[in-house]
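# quick check, what structure comes out for this input:
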Amino acid sequence: MIRKIANYFSRKDKKDEKPTASSSNGFFSTSLPVLRKPLSDMDKMTVLSKSLQKTIADYSIDKQAADSAVAIAQDSSNRMTMHGLQAGIPDIQLMWYASQGFIGYQACAILAQNWLIDKACSSPAEDAIRNGYTVTINNGDSVDPRIIDEFKLKDKQYKVKENLVEFVHFCRVFGIRHMLFVVNSADPDYYEKPFNPDGVTPGSYKGMSQIDPYWITPEFDASSASDPVSQNFYEPTYWRISGKRYHKSHFVIIRNREVADVLKPSYIYGGIPLTQMIYERVYAAERCANESPQLLLSKRTTAIHTDIKEALANQIAFDARMELWQQYRDNFAVKLLGLKETMEQIDTSLTDLDETIMTQYQLVSAIAKVPSTKLLGTTPKGFNATGEYDEDNYHEELESIQSKFMEPVLERHHMLVMRSHMVRKFKMSPLNTNIKWEPLDIPSAKEQAEINQSKAATGRLLVESGAIDGIDERNRIANDQYSGYTNIPEIDIEIPDDTDETEEETAPVDEEQRAMGRSV
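Sure thing, here's the model as predicted:
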């Protein structure tokens, strides 16, 4: 037994040595093996050149790092060509980027189960709709307030806010999202024909339905499939669901990030999912966070000087001795050494470990376009770290989500509600509606009081200067929903007609009382 162990650890003759390629056990795109070739007595530069050429031929691209000498030292004749022209980039580097292509809808759904990816996909959707919106009709005519109230009631009935959150959330998960508006039409070909608002009859609108992309198959007409000049080129004309064709105009379709035409078929005519863009950074952040407790437990590395041959002579006893040593080490107990044994202890510095972990999570938030303070619930750090800059940028992103993704759904929904319910109930003609979004940054009670105080001071200066009177200021605070006096009635001023009244019949007006909002 001892002889076998000795032979196992003994160095083999150089003639028996064969070059081997190291393998990688990592899961990152950068966790690739380093390939080494032994040099002979020949000229080193010649051997290096031949070695690199042989390595390119022997090893597949996915086993080579993008920044390795193998990738950089390729001859220009071996570089990938596109449309007959050299790409000007080494094959391996280009393949590294190409490997980050579409990962598939099933993989996106699996990745979205992670808490961090789920939060990155859902937080912007929830924040964009949280403060709500107001439905307005700007046609120059006075509108019955009951119509606006009916819109609010229908929005609750059809769960518009919940649908909008789900709409944006799964668009970020899959890269594309379809919103279908369900209309019970007497025409059996209603969905196969282009959408026609006049085809919506009273009581026919039933709400919204969302379909995951793996249940949908795109179909094209002649121009959209073959004519690059067409405005609808590579935009599916129909989407087939359960064997039934639906014209694209019956959907509101959004994409997370558009891709070039050459890549659209590989993405099944969808966009780039956020899950695909973020998964490797999330994995790195989670690995850093999970390994930090292990680093805390093993930060004190001990090295014992001993006789390896004697230890391997009785390996069972040696293994038991090592297990006992580890037990004492983890329990911070006293360590005993033999007279001929020496020990060294190496402490791993944990300085800036928290910054290393947080940096990985901040990279995740940068890709998701969500501030790390929002995504992780942490306070900002660093010089002049107030978080105001991140908050402003985040609000700009939310405004883009509102206008690009949510408004088309609301406009179509309210148009169908108007034609399906309002026209019959209020005996009216269809009207166009607009959406007014509430401010994303709602001031606190203290901040609102300071704003009202500033407005009151401005109104007082205008009244004292004669630009407006007290009645104008009263009407202003009556129309300001944040003033605290929205329930007081407005005052209408009747301006006398000079042609009908004589100078004696006109009563003089006390300017001081008029400034206080009263006329005599």
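
# hmm, who's touching whichever helix in the chain runs longest?
Longest helix of the chain, by residue count under DSSP state H: helix 274-297. Residues from elsewhere that reach helix 274-297, judged by CB atoms under 8 Å, 6 or more residues apart in numbering: 27-29, 100, 102-103, 107-108, 111-112, 114, 116-117, 120-121, 172-175, 256-257, 330, 348, 350, 353, 356-357, 360-361, 363-364, 367-368. Every residue, glycine included, has its C-beta placed from N, CA and C.

# which of these count as buried?
Among those, those classed as buried by 16 or more other CB atoms under 10 Å are 102, 108, 111-112, 114, 116-117, 120-121, 172-175, 256, 357, 360-361, 363-364, 368.

# show me what contacts V229?
Counted by CB under 8 Å, 6+ apart, V229 has zero contacts.

# and the gap between it and S223?
Counting by CB to CB, to the nearest Å, the gap between V229 and S223 amounts to 9 Å.

# what's the answer for D198, then?
For D198, the distance to S223 equals 26 Å [CB to CB].

# for V135, same thing?
37 Å.

# higher neighbour count, the two?
Applying other CB atoms under 10 Å to V135 and S223 shows that V135 carries more neighbours, namely 19 against 14.

# isn't that one up against L153?
No - at 11.2 Å, V135 does not count as touching L153 under the criterion of CB atoms under 8 Å.

# below-threshold pLDDT in this protein: ranges please.
Counting by pLDDT under 70, the chain contains low-confidence residues at 1-87, 139-142, 330-333, 380-389, 490-520.

# tell me the centre residue of it?
A368 (3.8 Å; CA atoms, centre = their mean).

# show me the helices in the stretch 51-200 of the chain, by range?
Applying DSSP state H, counting those that start in this stretch to the stretch 51-200 of the chain gives helices spanning 69-72, 91-98, 105-111, 115-129, 145-157, 160-174.

# mind putting the ones you listed in JSON lines, distance to R412 included?
As requested, the helices of the stretch 51-200 of the chain are exported to JSON lines (distance: least, CB to CB, whole Å):
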{"stretch": "helix 69-72", "distance to R412": "50"}
{"stretch": "helix 91-98", "distance to R412": "38"}
{"stretch": "helix 105-111", "distance to R412": "25"}
{"stretch": "helix 115-129", "distance to R412": "16"}
{"stretch": "helix 145-157", "distance to R412": "13"}
{"stretch": "helix 160-174", "distance to R412": "11"}
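
# most tightly packed of those?
helix 160-174 (a mean of 22; mean count of other CB atoms under 10 Å).

# that one - contacts with which helices or strands?
helix 105-111, helix 115-129, strand 176-183, strand 205-211, strand 251-255, helix 274-297, helix 407-417 (3 or more CB pairs under 8 Å, 6 or more residues apart in numbering; DSSP states H and E).

# which ones are touching the nearest residue to the residue nearest to the centre of the chain once chain neighbours are set aside?
Leaving aside its sequence neighbours, A368 sits nearest to A120 (CB to CB, 6 or more residues apart in numbering; 3.8 Å). Residues in contact with A120 (CB under 8 Å, 6+ apart) are 172, 274, 278, 364-365, 368, 370, 375.

# count of residues packed around D319?
11.

# element containing it, please.
Using DSSP states H and E, D319 maps to helix 315-330.

# that helix: how far from the chain's middle?
49 Å (CA atoms, centre = their mean, to the nearest Å).

# sheet partners, orientation included, of the next helix-or-strand element following the longest helix of the chain?
Later in the chain than helix 274-297, the nearest helix or strand by DSSP H and E is strand 300-305. When pairing is defined by DSSP bridges, strand 300-305 lines up against strand 342-347 (antiparallel).

# run through who's touching the strand it pairs with.
299-305, 335, 337.

# also stretch 406-424?
By CB under 8 Å, 6+ apart, stretch 406-424 touches 128-129, 133, 135, 147, 150-151, 154-155, 158, 160, 163-164, 167-168, 179, 181, 183, 197, 200-205, 208, 252, 254, 428-433, 435.

# can we see that at 6 Å?
154, 164, 179, 181, 200, 202, 204-205, 252, 430, 433, 435 (CB atoms under 6 Å, 6 or more residues apart in numbering).
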